[in-house]
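sequence and predicted structure below; questions after.
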Amino acid sequence: MRTIRRLIYGEVLIATGFVLLAFLSLFFFFDFVEELSSIGRTSRLDPSVVYELRHALLYVALLVPSRIYELMPISVLIGSVAVLARLAQSSEYTILRTSGLGPWKALRTLLGLGLIFVVLTFAVGDYMAPIADKTAQLLKARYQGKLSLGQTGAWLKEKQAYSNFSVNVGSLSPTGEIGEVRIFEFDNQGLLVSTLQADKGQIENDSSWTLANVTRREFDVAGQQSAKIVRSQHQTFRWPSAISAEMVSVALLKPDRMRTTDLYAYVQHLEANGQTAQRYEIEFWRKLFYPLSCLVMVVLALPFAYLHFRSGGITGYVFGGVMIGISFFLLNNVFGYIGNLNQWRPWLAAAAPAILYSFVSLGAFGWLVLRR
């Protein structure tokens, strides 16, 4: 059994590696073509800094871990289908069956292989991809100026003992410096107490923000007849806050490229401050369930070992495996959007594609393998 396991594992790992390499080469080319329009641009902060070809290549290379995470399940499916179908076509799998490889042993063997891919996918998606993607974005910001956080900036909320704050950050520099900061303070009755505008600032490690070139307006609404506005200027201003640099950088990364622990912490922050966290909760559960889809893929591939192939017929079955993988990839994204719009339970929206394909794979296994 150990020899059979070594044979199947080796063949599937090599085939999956080749499929993954082919997909990565294709996406690397597409990403690089997209970056060609940015080559030659100068930084808005320093005109002597130019975004060159080597910077574009490094930026695209840093996106590779994210691509590996996205493409791993479909690569596992195509690689497994190709290997099992080839073994069936050459009658090698028939020999393995007569040597004691029954359906349940074959299923356990492939599930063990799937667990290897699960661990690998989780490690890449939770450790390598977030670091590489953030480095890529900061690299681009270094050579093209500050990184804008969208048209309206990044919005965050924080509750403190006697006040509620709405914070808007417009940009983030490669050094971690924030720009175009606006802070709105409300009392517990929802009345605006003060506003603060700063050109730039730095988020310190002692739960505070150090802001520069600050304009602060305080509204005295104690009197019923008239309200006073007290305006003041500050070269530097320290604002105590529990909002960390990682929370601000959430706007820098897509939720699906964040670490699972960071997503969980951000969801807790949103819920503690009365903000909707549906989108991030779905992404959190997707981060947990997505690596497990590698198990679904290997089970989907197993029935291909029990099909009877004519000469040249293997190509059509491999193409069918490709279509199944693409449909899973698309359905996984669609269910995330549908679940967010219809306010489904986050774990259900994230797990629905894997559950659906699990039933399909087990149904195919029962019909083609056990009944036939």
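Happy to help now that I have it. Numbers count the residues shown, from 1 in each chain.

which residue ranges of the stretch 201-350 of the chain form helices?
245-248, 260-272, 278-289, 293-301, 314-341, 346-364 (DSSP state H, counting those that start in this stretch).

what's the most buried one of these?
The highest average neighbour count among the helices of the stretch 201-350 of the chain, using mean count of other CB atoms under 10 Å, belongs to helix 293-301 at a mean of 26. All C-beta spots, glycine's among them, are computed from the backbone N, C-alpha and C.

hang on, the earlier thing: and the helices of the stretch 201-350 of the chain as CSV, adding distance to residue 195?
What follows is the helices of the stretch 201-350 of the chain, written out as CSV (distance: least, CB to CB, whole Å):
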stretch, distance to residue 195
helix 245-248, 19
helix 260-272, 22
helix 278-289, 28
helix 293-301, 47
helix 314-341, 32
helix 346-364, 35
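
closest one to residue 210 among the ones you listed?
Ranking the helices of the stretch 201-350 of the chain by their distance to residue 210 (criterion: CB to CB) puts helix 245-248 first, at 12.3 Å.

which other helices and strands does the closest one contact?
Applying 3 or more CB pairs under 8 Å, 6 or more residues apart in numbering; DSSP states H and E, one finds that helix 245-248 makes contact with strand 154-159, helix 260-272.

for residue 12, see how far away residue 307 is.
Per CB to CB, to the nearest Å, residue 307 is found 17 Å from residue 12.

one more: residue 132?
26 Å.

more neighbours: which of residue 307 and residue 12?
Using other CB atoms under 10 Å, the more surrounded residue of residue 307 and residue 12 is residue 12, with 25 against 16.

give me the three-state assignment for residue 189.
Secondary structure assignment for residue 189 (DSSP: H, G, I helix; E, B strand; the rest coil): coil.

need the CA coordinates for stretch 21-38. PDB is fine.
Only the C-alpha atoms of stretch 21-38 are listed here, as PDB (Å, rounded to 0.1, in the frame of the first residue of the first chain):
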ATOM      1  CA  LEU A  21       3.000  26.700 -13.100                       C
ATOM      2  CA  ALA A  22       1.100  27.000 -16.400                       C
ATOM      3  CA  PHE A  23      -1.700  29.100 -14.700                       C
ATOM      4  CA  LEU A  24       0.900  31.200 -12.900                       C
ATOM      5  CA  SER A  25       2.700  32.000 -16.100                       C
ATOM      6  CA  LEU A  26      -0.500  33.000 -17.700                       C
ATOM      7  CA  PHE A  27      -1.600  35.300 -14.900                       C
ATOM      8  CA  PHE A  28       2.000  36.700 -14.500                       C
ATOM      9  CA  PHE A  29       1.800  37.700 -18.200                       C
ATOM     10  CA  PHE A  30      -1.600  39.400 -17.700                       C
ATOM     11  CA  ASP A  31      -0.500  41.200 -14.600                       C
ATOM     12  CA  PHE A  32       2.700  42.400 -16.300                       C
ATOM     13  CA  VAL A  33       0.800  43.700 -19.400                       C
ATOM     14  CA  GLU A  34      -1.500  45.700 -17.000                       C
ATOM     15  CA  GLU A  35       1.600  47.200 -15.400                       C
ATOM     16  CA  LEU A  36       3.200  48.300 -18.700                       C
ATOM     17  CA  SER A  37       1.100  51.500 -18.700                       C
ATOM     18  CA  SER A  38       2.600  52.600 -15.400                       C
END
